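*Asks:* give me coordinates for this.
(2 chains)
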Amino acid sequence: MTREMTGAKMIVQALRDQGVDTVFGYPGGAVLPIYDEIFLQNDIRHILVRHEQGAVHAAEGYARSTGKPGVVIVTSGPGATNAVTGLTDALLDSIPLVVLTGQVPTFMIGSDAFQEADTVGITRPCTKHNWLVKDTDKLSSTIHEGFHVATSGRPGPVLIDVPKDVQFATGTYQPPKPSASHYQPIVKGDMEEITELVAAIETAKRPVFYTGGGVINSGPAASQLLRELVEATGFPITSTLMGLGAYPASGKQWLGMLGMHGLYEANMAMHGCDLMINIGARFDDRITGRIDAFSPKSIKAHIDIDPSSINKVIKTDIPIVGDVAHVLEDILKVWKSRGRKVNHEAIAKWQGQVEEWRSVKCLTYATSETTIKPQYALERLEALTKDRNRYITTEVGQHQMWAAQFLGFEDPNRWMTSGGLGTMGYGTPASIGVQIAHPDALVINVAGEASWLMNMQEMGTATQYNLPVKQFILNNERLGMVRQWQELLHGERYSQSWSEALPDFVKLAEAFGAKGILCTDPKDLDDAIMEMLDYDGPVIFDCLVEKHENCFPMIPSGKAHNEMLLGQAETQGVIQSSGAVLV
Amino acid sequence: MSALHIKKGATKHSAYNLRPNFSDTQERHTITVLVENEPGVLARVIGLFAGRGYNIDSLTVAEVDHTGHLSRITIVTTGTPQVIEQIKAQLGRIVPVHEVTDLTVAGPFVERELAILKVVGDGEKRVEALRLADIFRAKVVDSTLHSFMFELTGAPDKIDAFADLMRPLGLTKIARTGVAALLRGE
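*Replies:* You can find the predicted model right below:
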C-alpha cells in the first residue's frame, strides 16, 4: 500500500511503521512541519528536552535499556551541531540511534542561510551512515533504510537530514519492507574457526572469558547463551565497562570488571591466562594497558561482528566474525556434540589461583566514621537498591569507575554509561531516557558534581514529565579523576581541577521543582538514601564525600595488567609509586 | 558484510587473511573499492583515510556502472601489513561500499595511469623530446613551434621515467590521473 502525503507526515508515518513509541527532540524553524504533524497525532510521544545533546543521550539511554533504536528530532544548524557529541558517543559505544535533523530548503543549501550547517558533512565521521534527502519520494525508504543500518551488524547512530521544502512537498509513502540494500552484515560465524575455538576450550588450562558490550547489543539471547557456556565450562569471566550485566555479578565465576580500574583478580587472570575468549569486546586501550605486555602467554580468540575490530590492536589467533548470540549458539552446539570436554583438573587449579587473587580484596578502602567515603556511599546505595527493579546511569570520572566496581548488575541493559567517548554530561539525560522507557523502575544516575553540571538543564525535562529519576551526586568539589591524575602524574599540581562556586544543590533541586537532599555524615546516609528512594519524583541527592579519594585499583598508563597500583586508599598525600606498584 | 567476503574472509583461506602475519615493513598496495555512487561517498573514503591517519599515494574515481550507479575507486596506499588489513576492514564498514579488493594480494593485475606533459624547447632539445616520446609511445596531442604536449599511458613508474627524461628537455607542466587497475584473467 502506498499513499500520497507530505514529507512531514511521511516522517511520522515511517516512525510509526517502525514501531517507534517515543522520540526525543527540540523544535526549531527547519523542523516546524514535522512538529505540526507530531501535534496532530497521539501514537508517538515526543519528549521535549532542554538541549539537543540531552535529546541524543536520552535516546541512548532509551536504546540501551530497551534494545530498541532511540529516535531524535532536532532542527538545522545549532540543533544538529549540538547533537554531534551524542552521535559520537553512540558511535563509540555502538548504540542504535536514528537522528532526524531539519535542514534549510534545498534551494537555499550552500547559501549560508540562517541556521544552515553542512550537517551531513559535519556528522559523516560521527555516524555509522547519514543521508541528505532531497526528494520527498525517497524520504520514507531512506528512513526505513536508516533503521535497518542503525540496528544491523554493529549498531550505531544514523542521521537523516531533511530540508524544509522536502517536508512540505508531497510524495509517495513506501511502507517498510525487508531491506533490499546490499548492506547485510553476516551474523553466522565460520564453523571451522568455531571448531578450533572449541578444541582450545577443551584443552585450556587457564582460560578466561573477556566479554564486552557486543554481548548486550546482540540481545538477551546472547547473555543467556553466555551464562550457559560459562556455567557449563566453569571458566572465570570478566567484562569490560560496557558489558556489565551480561553475566550476573552474583555468579560464581564472576571476576568483576577488568581494565584500568578493573579488579585485581580480573586483570591478573587476563595476564596469566592461556586461553582468552574475547566475546564482543574490542581490546580498548583502557583494557589492554601496555600492548606488548598484554596477556603474553595466551591464545586469543575474538568474536566480533565488526571485522575491523579483529587484529586492530591485538593479534588474534582465532578470529570469528559474527553476531555473539549466533556464534555462542554454535560454540555450545559443537562443544556439546564433542562430549562437553574441559580439562577439569587444570581448571580446578586455575580456580584456586583465581581465589587467591580474589583474597587480596582489591576494593578495600580506608573507612571513616566522620566523612562519607564515595565507595561507602555506593556500597550503601547497592545494599538499599539491589533488590529493586533498578537501572543505573553514570556520568564520567571516578564515580563512574566506583559505580562499576561497587554496584552489581544481574541482568543486561541495566547499566548505561559512556564508555568509549567518556562524555561528561551523559548520565542525567540518559537517566531520563531510561525512565521514559521504564516508567515504574528505579532509575539512578550516579554522578560527580562536575559532570552533572554539564547537562543539568535536563532536570527541567525530568520535572516536566514527572520522571522520578534519582540524581545521586558524589560531590567531592573536585574533578576527581583529573585531580587523581594530577596527583599521580603531574606532581600534585591541581591545575583547574577544583569545582569552585558550586551551586547549592538542594536549592537547585527546588528551583527545578524537584526534591533536594543533602547528606554530609556517614551516619545519616542510609536514611537519606531511603528518603530519596521513597520520594515519588525527581531527586537531586548531594552526597558530600571525601575530597581526595583516589580510585583503585589502577593500571597506570603504559603499564601492564600485572603492574596494577592497589593503593590502600590513603586519602591524603602522594602515592609512593615504588611501594604501591604490585608485581 | 559482503564487501569483505566474510564467509571466506574469516578463515585462513581468504585474501582477507584475518590471521595476523604482521611485520613492520611498509608495503604498497593497490586497492579497488566498488561503491554506490551516492553523494558524499568519496568524502567518506577520503575522510576515513584522513581521520585514521592512513596514506593515499594515488586515488581515482569514476562511475563504472551507470544503471547500477556504481563507482570504482582505485586507491594506492602504503602501510605495514596490519595497517593495510585495517584499511580494507575499515573500507568494508562504510555502508555504501559493495566490495573491497586488494589487487596486490589477489593476484597479477594491470595498473595504468594517464599523464599529459607539456615540454617547451627549441632545436636539439625539441628533437630529442620527440624521439624519446616515440620510444615511450607517447602521443603528441598539441604542438606549437616551441612546445609539445604529450599524452602517455602506462604504469606509474613508466610515467615517472618519462617525466624524468623530459625535465632537462623543458618539461614545464604535468597532469596525472592517478592509477586505474584491474585483476588479470577472467
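*Asks:* can you pull out the helices in chain B?
*Replies:* Assigned by DSSP state H, chain B shows helices spanning B:6-9, B:41-52, B:81-93, B:103-106, B:123-135, B:156-166.
*Asks:* who are the packing partners of the fourth one?
*Replies:* It refers to helix B:103-106. strand B:27-36, strand B:180-183 (3 or more C-beta pairs under 8 Å, 6 or more residues apart in numbering or on different chains; DSSP states H and E). All C-beta atoms are positioned from the backbone trio N, CA, C, and that covers glycine.
*Asks:* how far does that helix sit from the chain's center?
*Replies:* 13 Å (C-alpha atoms, centre = their mean, to the nearest Å).
*Asks:* contacts for the lengthiest strand in chain B?
*Replies:* Assignment by DSSP state E gives strand B:109-120 as the longest strand of chain B. Strand B:109-120 has contacts (C-beta atoms under 8 Å, 6 or more residues apart in numbering or on different chains) with B:30, B:58, B:103, B:129, B:138, B:141, B:146-156, B:159, B:162-163, B:166, B:169-184.
*Asks:* let's go with 7 Å and repeat that
*Replies:* Strand B:109-120 is contacted from outside by B:30, B:103, B:129, B:146-156, B:159, B:163, B:166, B:169-184, using C-beta atoms under 7 Å, 6 or more residues apart in numbering or on different chains.
*Asks:* repeat for stretch A:545-560
*Replies:* A:260-261, A:263-264, A:267, A:271, A:289-290, A:293-294, A:362, A:368, A:371-374, A:377, A:398, A:401-402, A:474-478, A:484, A:488, A:561, A:563-567, A:569, A:571-572.
*Asks:* quick one: buried ones out of those residues?
*Replies:* Burial by neighbour count, judged by 16 or more other C-beta atoms under 10 Å in any protein chain shown, picks out A:260-261, A:263-264, A:267, A:271, A:289, A:294, A:362, A:371-374, A:377, A:398, A:401-402, A:474-476, A:478, A:484, A:488, A:561, A:563-567, A:569 from these.
*Asks:* just the ones in strands from the residues you listed, please.
*Replies:* A:474, A:475.
*Asks:* roughly how far does residue A:509 sit from chain B?
*Replies:* Note on residue A:509: its distance to chain B, by C-beta to the nearest C-beta, to the nearest Å, is 42 Å.
*Asks:* what are the buried residues along stretch A:212-231?
*Replies:* Going by neighbour count (16+ other C-beta under 10 Å), the buried part of stretch A:212-231 is A:212-218, A:222-223, A:225-227, A:229-230.
*Asks:* okay, now the residue lying closest to residue A:51 once chain neighbours are set aside: neighbour count?
*Replies:* In this structure, residue A:51 finds its nearest non-sequential neighbour in residue A:457, 5.6 Å apart by C-beta to C-beta, 6 or more residues apart in numbering or on different chains. The local packing of residue A:457 (other C-beta atoms under 10 Å in any protein chain shown) involves 17 other residues.
*Asks:* then residue A:385?
*Replies:* By other C-beta under 10 Å, 19 other residues sit near residue A:385.
*Asks:* now the closest residue to it other than its chain neighbours: how far from residue A:403?
*Replies:* Counting by C-beta to C-beta, 6+ apart, the nearest residue to residue A:385 once its immediate chain neighbours are dropped is residue A:442, at 6.3 Å. Residue A:442 is 15 Å from residue A:403, where distance means C-beta to C-beta, to the nearest Å.
*Asks:* what's the spacing between the closest residue to chain B within the stretch 151-300 of chain A and residue A:346?
*Replies:* Among all residues of the stretch 151-300 of chain A, residue A:190 sits closest to chain B, at 4.0 Å; criterion: C-beta to the nearest C-beta. Residue A:190 sits 28 Å away from residue A:346, going by C-beta to C-beta.
*Asks:* the domain parsing of chain B - what is it?
*Replies:* Domains of chain B are assigned by the TED database as B:27-106, B:110-183.
*Asks:* reformat these as TSV; add mean pLDDT.
*Replies:* TSV is the format used below for the domains of chain B (pLDDT from 0 to 100):
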stretch	mean pLDDT
domain B:27-106	95
domain B:110-183	97
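*Asks:* point out the most buried one among those.
*Replies:* When the domains of chain B are scored by mean count of other C-beta atoms under 10 Å in any protein chain shown, the highest mean neighbour count falls to domain B:27-106 (a mean of 18).
*Asks:* next, the distance between the ends of that one.
*Replies:* 15 Å (C-alpha to C-alpha, to the nearest Å).
*Asks:* repeat for stretch A:283-303
*Replies:* Its first and final residues considered, stretch A:283-303 spans 12 Å by C-alpha to C-alpha.
*Asks:* just stretch A:513-521 next, same as before
*Replies:* 25 Å.
*Asks:* and it, what's buried?
*Replies:* A:514, A:515, A:516, A:517, A:518, A:519.
*Asks:* again with stretch A:283-299
*Replies:* For stretch A:283-299, burial by neighbour count (16+ other C-beta under 10 Å) applies to A:283, A:284, A:286, A:287, A:288, A:289, A:294, A:295, A:298, A:299.
*Asks:* so for residue A:468, which of the domains of chain B sits nearest?
*Replies:* domain B:27-106 (39.4 Å; C-beta to C-beta).
*Asks:* in chain A, which residue is most central in space?
*Replies:* Geometric centre of chain A, nearest residue: residue A:417, 3.7 Å, by C-alpha atoms, centre = their mean.
*Asks:* what is the burial count for the closest residue in space to it that isn't next to it in sequence?
*Replies:* Nearest residue to residue A:417 in three dimensions, chain neighbours excluded: residue A:394, at 4.5 Å (C-beta to C-beta, 6+ apart). Residues within reach of residue A:394, counting by other C-beta under 10 Å, total 29.
*Asks:* secondary structure element holding residue A:440?
*Replies:* In the assignment (DSSP states H and E), residue A:440 maps to no helix and no strand.
*Asks:* what count of nearby residues applies to the nearest residue to residue A:481 once chain neighbours are set aside?
*Replies:* When the adjacent residues along the chain are set aside, residue A:481 lies closest to residue A:397, with 4.3 Å between them (C-beta to C-beta, 6+ apart). The number of residues packed near residue A:397 is 25, by other C-beta under 10 Å.
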